[in-house]
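> need a 3D model of the following:
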Amino acid sequence: MDYSGVGIAITGCGSAAPETAIDNDRLSEIMDTSDEWIASRTGIRQRRLSDASGSLVQLATEAARGAIEMAGIEPIDLDLILLATSTPDDMFGSACQVQAALGASQAVAFDLTAACSGFVFGLVTAAQYIRTGTYRNVLLIGADVLSRWVDWSDRRTCVLFGDGAGAVVMQANTVDRLLGFELRSDGSQHHCLNLAYSGEPKALLNDCEITQGQFRSLTMNGQEVYRFAVKRVPEVIEKALFRANITVDAIDWLLLHQANQRILDAVAHRLGIPSEKVISNLAKYGNTSAASIPLALDEAVRGGAVKLGETIAVSGFGAGLTWGAAVFQWGR
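All right, here's what the predicted structure looks like:
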């Protein structure tokens with residue numbers, strides 16, 4: 001069967017964040033830090049933190065409902081749900097719980113893990129299902145609750161992260177709005193940013209020893225990640241633009257993973273993109289990992305900044321190390 005005429009449109013978006021907002025001054029009550037120290041180095045002023053009763057599934061479901069409503073479809077219309085997350089409520093995955101919460105009984109659902117690149121990797125993955133004609137309506141969610149996994153005594157890392165979720169609906173379309181993409185990975189740099197398992201040997205039988213343990217807190221070499229991002233992200237965006245057969249000047253908006261304002265500024269500068277074209281909500285939410293791009297997109301769309309038909313270049317980067325970019329036009 002020939003599916004060459006199947007295009008992709010991103011027709012709806014939604015987002016969710018916990019109610020609890022902790023600003024930088026509040027963090028100074030539990031560690032040696034200050035608003036000036038955090039904001040001057042990162043651009044972050046506050047972050048949202050999930051409370052003890054909160055869950056990733058709740059956040060993901062709320063964001064998903066907003067995207068589904070905007071797209072003008074019903075949950076029963078969904079063929080596929082992709083949940084990009086590194087912090088599921090269940091180690092076996094949380095996408096199926098989201099499917100059940102939505103009542104999307106016809107949808108296949110599974111998790112995808114690519115850390116802060118998860119949304120972009122999920123976007124490209126979903127696109128392949130649509131372009132082959134396998135599915136027509138796909139819900140892509142990026143959601144993370146990293147407050148569970150940071151060391152709250154380490155001011156170098158814990159001040160960076162927040163919790164949240166964002167979602168988009170992708171649909172088969174007569175005009176292809178996904179113009180180009182590029183994905184990359186480099187496992188040799190895994191040590192720069194990870195959340196590793198730590199186990200202790202346990203003798204199960206005389207000739208069989210296993211390990212039992214838990215995951216450590218998130219660890220990061222901030223300087224190395226910064227150098228990686230400001231070099232590799234402009235390169236991968238340029239590759240995506242080349243595949244889209246457009247130039248930087250054709251971009252209406254640059255939307256990067258919301259990791260650090262210095263990274264956002266440096267990447268935009270290297271690409272020659274003025275600051276007024278850069279979408280940033282980092283100051284309010286911090287780094288929400290796979291949620292950061294769709295959360296910022298939803299705010300920009302609902303706030304009236306992003307208009308139908310405008311061209312957006314997005315790029316995610318993070319643990320793995322992984323990085324990628326995609327260029328698309330908003331709406332049908």
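> separation between residue 118 and residue 87?
According to Cβ to Cβ, to the nearest Å, residue 118 and residue 87 sit 11 Å apart. No exception for glycine: its C-beta is placed from N, CA and C like everyone else's.
> any idea how this protein splits into domains?
7-176, 180-187+219-329 (automatic domain parsing).
> dump these to JSON lines, plus distance to residue 197 and mean pLDDT.
Shown next, in JSON lines, are the domains of the chain (distance: least, Cβ to Cβ, whole Å; pLDDT from 0 to 100):
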{"stretch": "domain 7-176", "distance to residue 197": "11", "mean pLDDT": "96"}
{"stretch": "domain 180-187+219-329", "distance to residue 197": "13", "mean pLDDT": "96"}
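> to residue 199, which of these lies closest?
domain 7-176 (14.2 Å; Cβ to Cβ).
> pull the number of nearby residues for residue 278.
Residue 278: 17 surrounding residues under other Cβ atoms under 10 Å.
> and the domains of the chain as JSON lines, adding distance to residue 208?
Putting those into JSON lines (distance: least, Cβ to Cβ, whole Å) gives the following:
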{"stretch": "domain 7-176", "distance to residue 208": "23"}
{"stretch": "domain 180-187+219-329", "distance to residue 208": "29"}
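> need the contact list for residue 147.
Residues in contact with residue 147, defined by Cβ atoms under 8 Å, 6 or more residues apart in numbering, are 49, 50, 161, 162, 163.
> hmm, which two among these are most spread apart?
50 and 161 (11.4 Å).
> just give me the longest helix of the chain.
helix 222-244 (DSSP state H).
> got the contact list for that helix?
156-157, 179-184, 189, 192-193, 247-248, 250-251, 254, 256, 259-260, 262-263, 266-267, 270-271, 313, 315, 317-318, 321, 323-327.
> returning to that earlier point: can you list residues touching both of residue 118 and residue 87?
Common contacts of residue 118 and residue 87, defined by Cβ under 8 Å, 6+ apart, comprise residue 289.
> quick one, which of the two is more surrounded?
Neighbour count, other Cβ under 10 Å: between residue 118 and residue 87, residue 118 has more, with 34 against 21.
> my read is that the more buried one contacts residue 141, right?
No: counting by Cβ atoms under 8 Å, residue 118 stays clear of residue 141, with 9.6 Å between them.
> most neighbours of all the contacts of residue 147, which one?
Counting by other Cβ under 10 Å, top hit in these: residue 162 with 30 neighbours.
> which residues touch that residue?
For residue 162, the contacting residues are 17, 46, 47, 48, 49, 146, 147, 285, 286, 287, 288, by Cβ under 8 Å, 6+ apart.
> can you report how many residues neighbour the third one?
Around residue 47 there are 30 other residues, counting by other Cβ under 10 Å.
> and what about it, helix, strand or coil?
strand (DSSP: H, G, I helix; E, B strand; the rest coil).
> could you find the closest non-adjacent residue to it?
Once flanking residues are discounted, residue 47 sits nearest to residue 162: 3.1 Å by Cβ to Cβ, 6 or more residues apart in numbering.
> any idea how far that neighbour lies from residue 52?
Between residue 162 and residue 52 the computed distance is 16 Å (Cβ to Cβ).
> hang on, the earlier thing: is it possible to get a markdown table of the contacts of residue 162 that adds distance to residue 198?
Shown next, in a markdown table, are the contacts of residue 162 (distance: Cβ to Cβ, whole Å):
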| residue | distance to residue 198 |
| --- | --- |
| 17 | 30 |
| 46 | 31 |
| 47 | 26 |
| 48 | 28 |
| 49 | 24 |
| 146 | 18 |
| 147 | 20 |
| 285 | 29 |
| 286 | 26 |
| 287 | 23 |
| 288 | 25 |
